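J.: let's see this in three dimensions:
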Amino acid sequence: MNHDAFTLTASSLNRLVSCNKTPGLQYLLMQGGRILFEHVAGKASFEANRPVKSDTVFNACSVTKTFTSLAILQLAAQGKINIDENAAVYSGYIPAERNITVRQLLSHTSGIANPVPLKWIYLQDEPFSEASFMKTIACRHLKFTAAPW
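T.: Numbering: from 1, shown residues only. Model prediction:
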């Protein structure tokens, strides 16, 4: 993208906020590990009158299922992951003895209970640690309601 394209993108993103399409947003365009364009706009919290900053944490919730599924299927197409293999091979949080496959996780047939969604949301203001968050989630909420099918 050239400089004019970034200006147009920033203008479009600002318009989303000013036209009340979203209260706030972060936009990051990367290529090869390098940030090409970054833009923040709007409010992270109306109550605290806190603006969105580049380190503001947003909760993506179930939207991430689409991205995760796409990434896993792309890895499978490249032969880097086998969706019919025990998911414990790829994750240290799933008990190997349950013999849950990646396919079963993707299709919600693993037998893992779906807790109240808010239990999965990261609400702290401190920096996010994936390892700590996943350990907490696995310890507190990895409950099995049925055998995988």
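
J.: what residue is smack in the middle of this structure?
T.: Thr64 (4.2 Å; Cα atoms, centre = their mean).

J.: please report how far that residue lies from Phe37.
T.: Distance, Thr64 to Phe37, using Cβ to Cβ, to the nearest Å: 22 Å. C-betas here are computed from N, CA, C, even on glycine.

J.: same thing with Pro95?
T.: 42 Å.

J.: can you pull out the strands in this structure?
T.: 24-31, 34-45, 50-51 (DSSP state E).

J.: and the first one, what does it pack against?
T.: To tie it back to what came earlier, the one meant is strand 24-31. helix 3-18, strand 34-45 (3 or more Cβ pairs under 8 Å, 6 or more residues apart in numbering; DSSP states H and E).

J.: again with the last one
T.: In this structure, strand 50-51 makes packing contacts with strand 34-45, judged by 3+ Cβ pairs under 8 Å, 6+ apart.

J.: same check on the second one?
T.: Secondary-structure packing of strand 34-45 (3+ Cβ pairs under 8 Å, 6+ apart): helix 3-18, strand 24-31, strand 50-51.

J.: pull the CA atoms of it into PDB?
T.: Extracted in PDB, the C-alpha atoms of strand 34-45 (Å, rounded to 0.1, in the frame of the first residue of the first chain):
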ATOM      1  CA  ARG A  34       6.800  -5.700   9.900                       C
ATOM      2  CA  ILE A  35       4.100  -3.200  10.700                       C
ATOM      3  CA  LEU A  36       3.000  -1.400   7.500                       C
ATOM      4  CA  PHE A  37       0.100   0.600   8.900                       C
ATOM      5  CA  GLU A  38      -1.400   1.100  12.400                       C
ATOM      6  CA  HIS A  39      -4.400   3.200  13.300                       C
ATOM      7  CA  VAL A  40      -6.500   3.600  16.500                       C
ATOM      8  CA  ALA A  41      -9.600   5.600  16.900                       C
ATOM      9  CA  GLY A  42     -12.500   6.100  19.300                       C
ATOM     10  CA  LYS A  43     -13.100   5.100  22.900                       C
ATOM     11  CA  ALA A  44     -12.100   2.000  24.700                       C
ATOM     12  CA  SER A  45     -14.400   3.000  27.600                       C
END
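
J.: Phe46: neighbour count?
T.: Using other Cβ atoms under 10 Å, Phe46 is surrounded by 10 other residues.
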